[in-house]
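Trainee: please work out how this folds:
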Amino acid sequence: MALEIVIPPALDRILRETPALSEAFLVGGCVRDALLGLPAKDVDIEVFGLTYEELLGALDRWGRTDLVGRSFGVVKVTVGNGETYDFTVPRRDSKVGSGHQGFVVEFDPALTHREAASRRDFTINSLMYSPRRRELLDFFGGEADLHSRILRHTSSAFSEDALRVLRGMQFAGRFNLVGAPETLSLCQAMVSSHDELPLERIEWEWVKWAAKSTKPSRGLEWLRDSGWILHYPEIAALMNAPQDAEWHPEGDVFTHTGHCCDAMATLQDWRSASEKDRVAYMLAILTHDFGKPTTTLEVWRQGRQRITSPGHEAAGVGIAARFLERIHIPATIRERVLPLVANHMVTGDVWTERAVRRLARRLQPDNIDGLCLIMTADASGRPPLPPQRPATVIELQRMAENLAVHRGPPEPILMGRHLLGDGWKPSPEMGRVLQLAYEAQLEGCFETLDGAKQWIARRSDQ
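Mentor: Residues are numbered from 1 along each chain as shown. Sure thing, here's the model as predicted:
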């Protein structure tokens, strides 16, 4: 098939002007993304017919070569403009031990294109593209699977690496894919291999899901259908956890959570945020209702049975903390997620300045802008009810912006240097007064430094 993939000019020149690279192919994600109309990032090149040493010799004249990936047959070339490209030779991976590292790698320049493609995890990643001939090689139906939104394993070698199941989770979420029945069955047979995975790799796949998903619910459905949700009991507990049909016509908490995650992925403020912000907010909306399974009960109200989950936001904080720690999410992200979970049900028919300032403080190290994203995604995850940004959220954000606390709590007006300048000595009492002054500031007792000092004087007179 004729296909045009735009690659960096420096790389194009290397491929065109190096005779030894006549059998060089773009492989993996860059080909997949090009077929989806996405920019080709992280371009990887596999070169057939050369040994590792011959590949190194062919590339040496183009820039600095880095042999850090030698054990995997990788040559990194950094050209004059600073761009770095990865070149590999075909290899055979043999499973000889347990765990993600239990492989023996053997380079084989005589490996056929089809054999090389067969060692890749999914058919959508087994595609190869010749930039010289503008030719796509697709031995396993990857292009058809991509257009049909099917995630299918390439060969039986899939079962040798448990990490591929979690990669399936993030691919499903990123590209809106549904697992092929035979692939899901294979994953179910691999459930016990989860514990072989290093924490760093588990973290990496969850971070990719959280930062890059376009349809995050597909990743959650992949976990459910593959049986690997067993390893994430906090998510599994959401399945069949009932909700009141009036407020949640979409169904149980698992279904609601998937819709909320999908809603988050459509919000422009999330899409334009930094990667760390996207990870924090997607994980916050994933975990926001973790407390419901333990707090849900049926009550008789207004002449009929109702379902309610009182206090689920507070109950969910500890559950979310354990989940995030177990999947190795960095503390800097966890510390942002937990206040958002704890406060996602905060509301006010009439917001007061005092309430908004105190909320900004409770949300540290995150902020009211982030909470409004969570609350909007939560309100939008209830189809067939239409997506919405609730009026209370609009009012909260308006007041927070007017008070300049939408991105964090107010800075203390009264500082230690002010008290020292007035003759105070450093002491525990001075620290206590500063804390009380800040509390009074949040209450709206004063708005200026003079007002703060007058507040202290009045307090001293009492």
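Trainee: quick one: contacts for residue 208?
Mentor: By Cβ atoms under 8 Å, 6 or more residues apart in numbering, the residues touching residue 208 are 170, 174. Backbone N, C-alpha and C define where each C-beta goes, glycine included.
Trainee: please redo it, this time with the cut-off set to 7 Å
Mentor: With contacts defined as Cβ atoms under 7 Å, 6 or more residues apart in numbering, residue 208 is in contact with residue 170.
Trainee: in a helix, that's where it is, yeah?
Mentor: Yes: secondary structure assignment places residue 208 in a helix (DSSP: H, G, I helix; E, B strand; the rest coil).
Trainee: state the distance from it to residue 275.
Mentor: Separation of residue 208 from residue 275 (Cβ to Cβ, to the nearest Å) stands at 10 Å.
Trainee: could you pull out the strands for the stretch 301-450 of the chain?
Mentor: In the stretch 301-450 of the chain, the strands defined using DSSP state E, counting those that start in this stretch lie at 304-308.
Trainee: residue ranges with poor pLDDT in it?
Mentor: Within the stretch 301-450 of the chain, the stretches with pLDDT under 70 are 349.
Trainee: all helices for it, in order.
Mentor: When assigned using DSSP state H, counting those that start in this stretch, the helices of the stretch 301-450 of the chain occupy the ranges 312-326, 331-343, 353-362, 368-380, 391-402, 416-421, 428-442, 449-461.
Trainee: can you give me how far the second one is from the chain middle?
Mentor: Chain-centre distance of helix 331-343: 14 Å, with Cα atoms, centre = their mean, to the nearest Å.
Trainee: what stretches of the stretch 51-200 of the chain score poorly on pLDDT?
Mentor: Within the stretch 51-200 of the chain, the ranges that satisfy pLDDT under 70 run 68-72, 93-105.
Trainee: please identify the most buried of the helices of the stretch 301-450 of the chain.
Mentor: Here the criterion is mean neighbour count by mean count of other Cβ atoms under 10 Å, and of these the winner is helix 368-380, at a mean of 23.
Trainee: tell me how the chain divides into domains.
Mentor: 1-157, 162-231, 242-410, 416-461 (automatic domain parsing).
Trainee: mean neighbour count, the ones you listed: which tops it?
Mentor: Using mean count of other Cβ under 10 Å, the stretch among the domains of the chain with the greatest mean number of neighbours is domain 162-231 (a mean of 20).
Trainee: distance between the ends of it?
Mentor: Chord length of domain 162-231, first to last residue, is 13 Å (Cα to Cα, to the nearest Å).
Trainee: same question, stretch 437-450
Mentor: Taking Cα to Cα, the span from the opening residue of stretch 437-450 to its closing residue is 12 Å.
Trainee: centre of the chain to that stretch, how far?
Mentor: Averaged over its C-alpha atoms, stretch 437-450 has a centre that lies 39 Å from its chain's centre (Cα atoms, centre = their mean).
Trainee: which outside residues touch it?
Mentor: By Cβ under 7 Å, 6+ apart, the surrounding residues in contact with stretch 437-450 are 353-354, 357-358, 361, 410, 412-414, 418, 452, 455-456.
Trainee: turn these into CSV, columns for distance to residue 248.
Mentor: Below are the contacts of stretch 437-450 laid out as CSV (distance: Cβ to Cβ, whole Å):
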residue, distance to residue 248
353, 33
354, 32
357, 32
358, 29
361, 31
410, 36
412, 42
413, 44
414, 46
418, 51
452, 47
455, 47
456, 50
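Trainee: distance of residue 424 from residue 434?
Mentor: If you measure residue 424 against residue 434 using Cβ to Cβ, the figure is 10 Å.
Trainee: do the same with residue 193
Mentor: Spatial separation of residue 193 from residue 434 under the definition Cβ to Cβ is 54 Å.
Trainee: now swap in residue 26 and tell me
Mentor: Counting by Cβ to Cβ, the separation of residue 26 from residue 434 is 60 Å.
Trainee: what does residue 138 give?
Mentor: Separation of residue 138 from residue 434 (Cβ to Cβ) stands at 67 Å.
Trainee: what's the answer for residue 209, then?
Mentor: When Cβ to Cβ is the yardstick, residue 209 and residue 434 sit 43 Å from each other.
Trainee: now residue 194
Mentor: Counting by Cβ to Cβ, the gap from residue 194 to residue 434 is 49 Å.
Trainee: also residue 250?
Mentor: 48 Å.
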